[in-house]
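Enquirer: Okay, predicted coordinates and the sequence, questions at the end:
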Amino acid sequence: MNNQKGMTTTVVASIVVLLLLLGGGWYAFSQDEEPVKTGDAMMESESDESMTSHESDTTMEGEGGDTMMKEDGDTMMESEHSEDAMMEEGNTDAAMKDEASFKGAVIAGSSSPLLEYNQRDYNTAIASDRVVVLYFYANWCPLCKAEFVDTKAAFDALTEEDVVGFRVHFNDGDLTPEMEELAREFGVAYQHTKVFIKNGERVLKSPETWSKDRYLTEFAKHINK
C-alpha cells in the first residue's frame, strides 16, 4: 500500500512538473509571438506611411502638373490674344490704307496719280500731306487739250507719292455743282488755270500755259516746302 501511494505521488508530481513546463513554454511562445506581430504592425504602419507619402507626392505632382498646364494655358491664351491684337491692328492699318486710297478714274501717273475730279478723293487728298494740283479744263478749249498732253506726261514722270492731281471741268457740259463751287472758292476765271494746294492752303494759281518741264519744276518746288 505504501508503495502504491508513493508511486501515485510520484506520477502526480511528474504530471504537475510536466504541466508547469508546458505552461512555461506556452507562455514563452506567446511572448515571442508579440514582437513578431509588433514588427508586422510596424511594417504595415511604414507601408501605410509610404503609401500616404506616395499619395501626397502624387497629389503634389498633380498640383504641379495642373499649375504647369494652367501656366501653359495662360501663355497660349496670351499668345492668342497677342496674335488677335496683331491681326486686329493689321486689319485696322489695312482699313486705314484702303480709306486713304483713291477710287476715281486715273488719267495719268501711278504713285502720284492725275484723277478725274470726285469729291471723295479730293477730300482724301486735301487731308494728306501731298501737293494737290487742280487743272481747270474745258473740253471745248484747244489750249486746254494741247497743254493737257504735257500735264499727263509730267504726272507719268513722277515716281514718289508726293503729288495728286485732279482734272476739274470748267464751263463745259461735264461741269458739276461741286466743280463750280471749287472754281468760286479759288477765284478761277479762266480755263487751263492751275491751282496748287499744300496743307489745306492755296500756294499757287496760274492761268499760263505750262510745258512738262515747268510742271516738274513747280512740283519739286512745292514738294520741298
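Expert: Structure's in. What do you need? Numbering: from 1, shown residues only.

Enquirer: show me what contacts the closest residue to G109 other than its chain neighbours?
Expert: Counting by Cβ to Cβ, 6 or more residues apart in numbering, F155 is the residue found nearest to G109 once chain neighbours are left out, at 3.5 Å. From N, CA and C alone the C-beta is placed, and that goes for glycine too. By Cβ atoms under 8 Å, 6 or more residues apart in numbering, the contact set of F155 is 107-109, 112-114, 163, 165.

Enquirer: Please export the C-alpha coordinates of stretch 124-135 as PDB.
Expert: C-alpha atoms of stretch 124-135 as PDB (Å, rounded to 0.1, in the frame of the first residue of the first chain):
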ATOM      1  CA  THR A 124      -8.800 112.500 -99.000                       C
ATOM      2  CA  ALA A 125      -6.100 114.400-100.900                       C
ATOM      3  CA  ILE A 126      -6.600 117.600 -99.000                       C
ATOM      4  CA  ALA A 127      -6.300 115.800 -95.700                       C
ATOM      5  CA  SER A 128      -3.000 114.300 -96.700                       C
ATOM      6  CA  ASP A 129       0.500 115.900 -96.900                       C
ATOM      7  CA  ARG A 130       0.600 115.700-100.700                       C
ATOM      8  CA  VAL A 131       0.700 118.600-103.000                       C
ATOM      9  CA  VAL A 132      -2.800 118.800-104.600                       C
ATOM     10  CA  VAL A 133      -3.000 120.100-108.100                       C
ATOM     11  CA  LEU A 134      -6.200 121.300-109.700                       C
ATOM     12  CA  TYR A 135      -6.300 121.700-113.500                       C
END
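
Enquirer: Next, the buried residues of that stretch.
Expert: Buried residues in stretch 124-135, counted by 16 or more other Cβ atoms under 10 Å: 124-125, 130-135.

Enquirer: what pLDDT, on average, does that stretch get?
Expert: The pLDDT scores in stretch 124-135 average 96.

Enquirer: ok, now stretch 187-200?
Expert: Stretch 187-200 comes out at a mean pLDDT of 95.

Enquirer: Name the residues of the helix or strand where K221 lies that are buried.
Expert: Assessed by DSSP states H and E, K221 sits inside helix 212-223. By 16+ other Cβ under 10 Å, the buried positions in helix 212-223 come out as 212, 215-216, 218-219, 222-223.

Enquirer: List just the nearest of those to H192.
Expert: Nearest to H192 out of the buried residues of helix 212-223 is Y215 (Cβ to Cβ; 12.6 Å).

Enquirer: And the closest residue to the closest one other than its chain neighbours, how far from V188?
Expert: Leaving aside its sequence neighbours, Y215 sits nearest to A154 (Cβ to Cβ, 6+ apart; 3.5 Å). Going from A154 to V188 by Cβ to Cβ, to the nearest Å gives 20 Å.

Enquirer: ok so the residue nearest to G109 is a strand residue?
Expert: No. F155 is assigned helix when assessed by DSSP: H, G, I helix; E, B strand; the rest coil, not a strand.

Enquirer: thinking again about what came up before, pull the contacting residues for the residue nearest to Y215.
Expert: Residues near A154 by Cβ under 8 Å, 6+ apart: 212, 215-216, 219.

Enquirer: quick one on the thing from earlier: farthest pair in the buried residues of stretch 124-135?
Expert: So, the buried residues of stretch 124-135 by Cβ to Cβ: farthest apart are T124 and Y135, at 18.0 Å.
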